[in-house]
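1. only geometry, no sequence info:
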Ligand SMILES: [Zn+2]
């Protein structure tokens, strides 16, 4: 079932490697099928270089395996939480990409310093609060989704969140868009770190310029790209 979506999820998982966002078996991409509500996700711990389309796992919205020979990614409950909370999401990505994770480990938001950032994220990308010991012991991955949702202000305006001491989650209407947001997030994190190194007191981008760049690509008055 969902062969086409499995192929897309498989390809987007490989895209994480191709774009330098994951090493070893870290990171995962999932997608939600709009019709059945089922979620297709990377299997847990299967190396990227031997992974195949058919290894993708299909689960229902509660996380029960519907089809697949492997166990789903151990981060599945975080994906399930976010899909449940936000019905418009079609794809979710998790990585430990270096620069963005450096911000997450520092417990710091990624400030919006320039138009590269403003093209994708309408303001600084926040860092969710740390989980309590009880939340870690009780249901670690599910509660990771919970602290992300707590820190989200607008799921579409800022399609990414840093998870403290951990890594990043990004999302979008499709798995392809979620991966694109993960690539952009890593790049703007790198730029932000270099910017602060050159000038630690750099102010964030002016609101007027942030608006210009964000809204020429998003919303009803967008005009960037081809019709
Ligand atoms: Zn992780």
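-> Received, thanks. In this text the structure is predicted, and so the values were computed from the model without any measurement.

2. and residue 205, what does it touch?
-> Residue 205 makes contacts with 112, 113, 114, 115, 117, 118, as judged by C-beta atoms under 8 Å, 6 or more residues apart in numbering. Any C-beta I mention is one placed from the backbone N, CA and C, and that applies to glycine too.

3. which SS state does it fall under?
-> Applying DSSP: H, G, I helix; E, B strand; the rest coil to residue 205 yields a three-state assignment of coil.

4. pick out the residue nearest the middle of the protein.
-> residue 170 (1.6 Å; C-alpha atoms, centre = their mean).

5. now residue 121. Nearest residue, chain neighbours left out?
-> Leaving out its chain neighbours, the residue that sits closest to residue 121 by C-beta to C-beta, 6 or more residues apart in numbering is residue 158, at 5.1 Å.

6. shouldn't the one you found be in contact with residue 126?
-> Yes - if you go by C-beta atoms under 8 Å, residue 158 and residue 126 touch, sitting 7.3 Å apart.

7. comparing these two, which residue is more hemmed in?
-> The neighbour count for residue 158 versus residue 126, taken as other C-beta atoms under 10 Å, is higher for residue 158 (21 against 17).

8. how about the secondary structure of that one?
-> coil.

9. report the contact partners of the closest residue in space to residue 42 that isn't next to it in sequence.
-> Using C-beta to C-beta, 6+ apart and skipping residues adjacent in sequence, the residue nearest residue 42 is residue 28, 4.3 Å away. Neighbouring residues of residue 28 by C-beta under 8 Å, 6+ apart: 13, 41, 42, 73, 75, 79, 93, 94.

10. one more time with 7 Å
-> 13, 41, 42, 73, 75, 94 (C-beta atoms under 7 Å, 6 or more residues apart in numbering).

11. farthest pair within those residues?
-> 13 and 75 (12.5 Å; C-beta to C-beta).

12. does residue 109 touch residue 123 like I think?
-> No - in this structure, residue 109 is not within contact of residue 123 by C-beta atoms under 7 Å, at 8.9 Å.

13. what's the spacing between the helix or strand of the chain with the lowest mean pLDDT and its chain's center?
-> Lowest on mean pLDDT, DSSP states H and E among the helices and strands of the chain sits helix 207-217, with a mean of 94. Centre-to-centre, helix 207-217 and its host chain are 22 Å apart (C-alpha atoms, centre = their mean, to the nearest Å).

14. buried ones in it?
-> 210, 213, 214, 215, 216 (16 or more other C-beta atoms under 10 Å).

15. where along the chain do the strands fall?
-> 28-32, 39-41, 57-59, 65-67, 91-95, 127-128, 160-163, 167-172 (DSSP state E).

16. leaving out sequence neighbours, find the closest residue to residue 63.
-> residue 80 (5.3 Å).

17. go on, residue 212?
-> Computed as C-beta to C-beta, 6+ apart, the closest residue to residue 212 that is not its neighbour in sequence is residue 118, at 7.8 Å.
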